[in-house]
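*Asks:* give the three-dimensional model of this entry:
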Amino acid sequence: MGVSREQSQAEPSACPELPEIAPDAATEDRVGTRNRVARLILANGPSTAADLAVRLGVTPAGVRRHLDALLAEGLVEAREQRVYGHRGRGRPAKVFALTGAGRSVFHHTYDEMAIDALRFIAESGGESAVDAFARRRFAGLADRYRELLADTDPAERPSVLADALTADGYAASTRSTATAPTPGKRPVVEGAQVCQHHCPVQHVAEEFPQLCEAETQVFAELLGTHVQRLATIAHGDGVCTTFIPVPPVTTAAAAERPTQATVSEQSEGASA
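*Replies:* Numbering: from 1, shown residues only. Here you go, the predicted structure:
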């Protein structure tokens, strides 16, 4: 079990493409305005619907429709506006603020912080310390996935692994590499490819490939067989592709399977 260094006939670029959904113009306009509403709240802090309407140049009713959608998604929350000094009659105006989930949608400098942290680890403890960090990072993932794969037939494990990766944001898919043998050409190794169409740590892995290596090793341990990493997004490929050979035949199964000699003998006996 481990990461195979053998060359495979499998093509990393042959991964199935994920289906794309092309929104119509109305949908694009609606989503675009909703994003502008959220960005205004991010830039200006808690805001009333009236304030947002003025800044966007739309009606308060139009803004409220977008706010209702953001509230339903848990990206904003409604609060009572704080009043400083003398408070007039009536209830205070309602303001809308981003939640933690809403803030996480926007770009942060987490990649830069992670790269700086790993550089510090490398300078302080050497490459072995970076390797240890990478292994530790994927240890939690291995623990969670191991339970999912424990009672799964070996042939189904690649697809189960892909589903688990998709749930964690990797947008994974699988494809079979089994093909009929071609005379005069090297036989294609039968197996499956797990294709990850998204890499959450792409920019960090570009400088620290130990993250890719640790992830691949975890795949080998979870699947109970050697695997081969064919391509990675961090290295400029369009998709991270891992080749998984077909599970080896067990001794018991091999004993039950008739050999060619046995088949020939049975045929000759039947002819006699």
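*Asks:* list the buried residues in stretch 139-156.
*Replies:* 141-142, 145, 149 (16 or more other C-beta atoms under 10 Å). (Each C-beta comes from the backbone N, C-alpha and C, glycine too.)
*Asks:* least confident pick among these?
*Replies:* Ranked by pLDDT, those bottom out at Leu141 (83).
*Asks:* next SSE after whichever helix or strand it is part of?
*Replies:* Assessed by DSSP states H and E, Leu141 sits inside helix 127-149. Counting by DSSP H and E, the element after helix 127-149 in chain order, helix or strand, is helix 157-167.
*Asks:* report all helices and strands that that following helix contacts.
*Replies:* helix 127-149, strand 172-176, strand 191-196, helix 210-223 (3 or more C-beta pairs under 8 Å, 6 or more residues apart in numbering; DSSP states H and E).
*Asks:* give me the angle between the helix holding Leu141 and helix 210-223.
*Replies:* Counting by axes from the mean of the first three to the mean of the last three C-alpha atoms, to 10 degrees, helix 127-149 lies at 30 degrees to helix 210-223.
*Asks:* which secondary structure element of this structure has the lowest mean pLDDT?
*Replies:* helix 251-256 (a mean of 38; mean pLDDT, DSSP states H and E).
*Asks:* where does the chain have low pLDDT?
*Replies:* Applying pLDDT under 70 to the chain flags residues 1-14, 16-31, 82-92, 107-109, 178-189, 247-272.
*Asks:* would you map out the domains in it?
*Replies:* 25-104, 109-249 (automatic domain parsing).
*Asks:* and these, which is most packed in?
*Replies:* Comparing the domains of the chain by mean neighbour count (mean count of other C-beta atoms under 10 Å), domain 109-249 ranks first with a mean of 16.
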